[in-house]
Structure formats: structure tokens, C-alpha cells
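Novice: Next one to model:
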Amino acid sequence: MPRAATTSDVFNAVAEPKRREILALLIQERDVGGIVAAVGLRQPSVSKHLRVLRDVGLVRLRRRGRHVFYRTEPAAIRPLHDWAKTFERFWQHQLLRVKERAEAKVSNTRKEIP
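Specialist: Residues are numbered from 1 along each chain as shown. Alright, predicted model coming up:
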């Protein structure tokens, strides 16, 4: 089965690691040059990734003169958050197990110290 186009929805758009990295950077507004410097890609590649993110509504742009600034669109991230939240109980369970093991290890270590 062929994969859906990256511009079909937010899930396909963020399937690419560099787009996730760019999206995280855009919590603070940045211009393209700042994004290029931060992710270490060439400007045409960054522009293509930004276009995909913009097409699905994950980022918005603002023009000031000849400069274009991008920022994450929080409302568009909601479907990603809601979907990931369905797995939160598994993460919490795993964190509880890690905590219990760490506490047990500390407790056993204290018993061994004379």
C-alpha cells in the first residue's frame, strides 16, 4: 500500500525527523536563515520542509519586509497531542516501574552499607 502524501495530514507531515526538528524550533518565531543555521540543511531543503508543514497548518508565516518568519501553530498540533495522549497510561506505568526499581535499589544499597 503506498504511503499517503506528506501534505495529506499532520501525521504524515511529522513522519519525517527533520520536519519534527524544525517544528520544535518554531516554538519561537524564526526566519528561514535561523532555521537553516539551526538544523544544518541547505535553504532549499528547509523551504520544502516548511512548505509541507505550512500546507497541513502546523506552522504559520508572517512577512516583515523581505523577511519571512515562521512559528508553530498550536491549534494544529492538537490532533498529534490527543493521539499521543492515548498512550500516556503506558508511559506512566513504565515510569512507575523505573521509580520502584530505583527506590528498591537504593533501599538495598543502604542495607549493605555498615
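Novice: contacts, neighbours, all on C-alpha from now
Specialist: Fine.
Novice: Sketch out the low-pLDDT regions of this protein for me.
Specialist: Counting by pLDDT under 70, the chain shows low-confidence ranges at 1-7, 107-114.
Novice: If we ignore the residues flanking it in sequence, what's nearest the one residue sitting closest to the centre of it?
Specialist: Taking C-alpha atoms, centre = their mean, the centroid of the chain lies closest to R20, which sits 4.4 Å from it. Nearest residue to R20, sequence neighbours excluded (C-alpha to C-alpha, 6 or more residues apart in numbering): V14, at 5.4 Å.
Novice: what about the one you found, neighbour count?
Specialist: By the criterion of other C-alpha atoms under 10 Å, V14 has 22 neighbours.
Novice: Would you agree it is in contact with A24?
Specialist: No: using C-alpha atoms under 8 Å, V14 is not in contact with A24; the gap is 10.7 Å.
Novice: what ranges do the helices span in the chain?
Specialist: 10-13, 17-25, 32-39, 43-55, 74-85, 88-112 (DSSP state H).
Novice: Of the ones you listed, which is nearest R63?
Specialist: helix 32-39 (11.4 Å; C-alpha to C-alpha).
Novice: distance of the residue nearest to the centre of the chain from L80?
Specialist: 12 Å (C-alpha to C-alpha, to the nearest Å).
Novice: Going by neighbour count, which residues in stretch 85-92 are buried?
Specialist: Residues of stretch 85-92 include none that count as buried (16 or more other C-alpha atoms under 10 Å).
Novice: Now do it: distance to the chain's middle.
Specialist: Its chain's C-alpha centre and that of stretch 85-92 lie 17 Å apart, by C-alpha atoms, centre = their mean, to the nearest Å.
Novice: Same check on stretch 83-101?
Specialist: 19 Å.
Novice: Any figure for the gap between Q28 and I22?
Specialist: 11 Å.
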